[in-house]
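Engineer: Quick one: sequence and predicted model below, then my questions.
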Amino acid sequence: MGKQEKIVSMFDEIAGTYDVANRVLSMGIDKTWRNKACNLAYSFYEKKSLDKIIDVACGTGDMIDYWQKTAKKANVEIKNIVGVDPSVGMMEVAKKKLPDVEFIQSGAASMPFEEGVADIISISYGIRNVVERQKAFDEFARVLKKDGLLVILEFTKNPKENMLDHVKDFYMNKVLPKIGGMISKNKEAYTYLPNSIDEFLTTENLCHELKQAGLEPIYVKGFSMNISTLFIAKKL
Ligand SMILES: C[S@@+](CC[C@H](N)C(=O)[O-])C[C@H]1O[C@@H](n2cnc3c(N)ncnc32)[C@H](O)[C@@H]1O
């Protein structure tokens with residue numbers, strides 16, 4: 001099994017307990033990060049009627065739920081919203097929660113959409129798992145409309161500079177694998193999480209890769225002691 005297949009099968013294995021583990025491990029803070037991402041994207045994009053939002057690496061569908069909830073408050077109409085993920089297990093959970101949404105089994109690097117159809121593409125805590133990352137950024141640029149937005153939420157690699165960074169590091173490397181492992185009965189999956197963050201890009205490098213694909217970062221900000229970073233990039 002290749003690296004990408006292994007990652008996807010790991011998500012298939014933890015799909016059933018993913019939501020509970022997520023809420024416990026993030027202590028609910030991920031809700032505020034998702035809310036911020038959606039609200040800011042709507043305010044940057046300005047249009048009040050969107051043809052299509054594609055949530056890539058949609059997993060159990062949380063981000064789609066937030067796109068829909070925040071759209072109502074912001075008075076934005078979404079004509080079509082689609083979830084994309086290579087893990088059937090994760091999408092089965094999503095389908096139960098969001099029966100009216102369309103879900104498509106696909107990886108990020110090559111997606112079954114025409115050119116220039118999406119107003120917004122989002123990927124929350126997913127890009128770290130995409131082995132062919134630069135190819136995926138090119139693919140997002142192809143599928144986005146001109147001036148369309150790519151919204152990324154991700155745990156990026158940060159230098160450990162102060163005491164709080166070490167506390168965070170201890171939580172991610174020691175506490176999280178234990179709790180996540182207990183809930184999911186799959187310690188390996190929750191050891192993969194901090195390791196994949198350590199192996200991932202810094203904020204600067206990610207911005208550089210986006211620019212190479214013709215996606216211009218217009219808003220980049222770390223939240224909650226830089227645990228989570230939001231990137232909003234515009235298709236030029
Ligand atoms: C940590 S989960 C995030 C799920 C969801 N977006 C959220 O915010 O809760 C990562 C997701 O990335 C998916 N994934 C793994 N490899 C992928 C790829 N090559 N392309 C797209 N998604 C991928 C996994 O199947 C999994 O559902």
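Structural biologist: Nice, I can see it.

Engineer: tell me which element the residue in the chain that the ligand sits nearest to is part of?
Structural biologist: The nearest approach of the chain to the ligand comes at G59, 2.4 Å away (Cβ to the nearest ligand atom). (C-beta placed from N, C-alpha, C; glycine too.) Here G59, judged by DSSP states H and E, is contained in no helix and no strand.

Engineer: and it, how many neighbours does it have?
Structural biologist: Residues lying near G59 (other Cβ atoms under 10 Å) number 25.

Engineer: List the contacts of the closest residue in space to it that isn't next to it in sequence.
Structural biologist: Once flanking residues are discounted, G59 sits nearest to M90: 4.5 Å by Cβ to Cβ, 6 or more residues apart in numbering. By Cβ atoms under 8 Å, 6 or more residues apart in numbering, M90 lies in contact with 11-12, 15, 18, 58-60.

Engineer: Just the buried ones from the residues you listed?
Structural biologist: 11, 15, 18, 58-60 (16 or more other Cβ atoms under 10 Å).

Engineer: now the residues you listed as TSV including pLDDT?
Structural biologist: What follows is the buried ones among the contacts of M90, written out as TSV (pLDDT from 0 to 100):
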residue	pLDDT
F11	97
A15	97
Y18	94
C58	98
G59	98
T60	98
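
Engineer: Closest to N75 out of those?
Structural biologist: Taking Cβ to Cβ as the measure, N75 lies nearest C58 of the buried ones among the contacts of M90, at 24.1 Å.

Engineer: How about the residues of the chain by the ligand?
Structural biologist: Contact residues, the chain versus the ligand (Cβ under 6 Å from any ligand atom): 4, 7-8, 11, 56-59, 62-63, 85-87, 90, 107-108, 124-126, 129-130.

Engineer: I'd like to know which of these are buried.
Structural biologist: Of these, these count as buried by 16+ other Cβ under 10 Å: 7-8, 11, 56-59, 62-63, 85-87, 90, 107-108, 124-126, 129-130.

Engineer: What average pLDDT does stretch 35-49 get?
Structural biologist: Mean per-residue pLDDT for stretch 35-49: 97.
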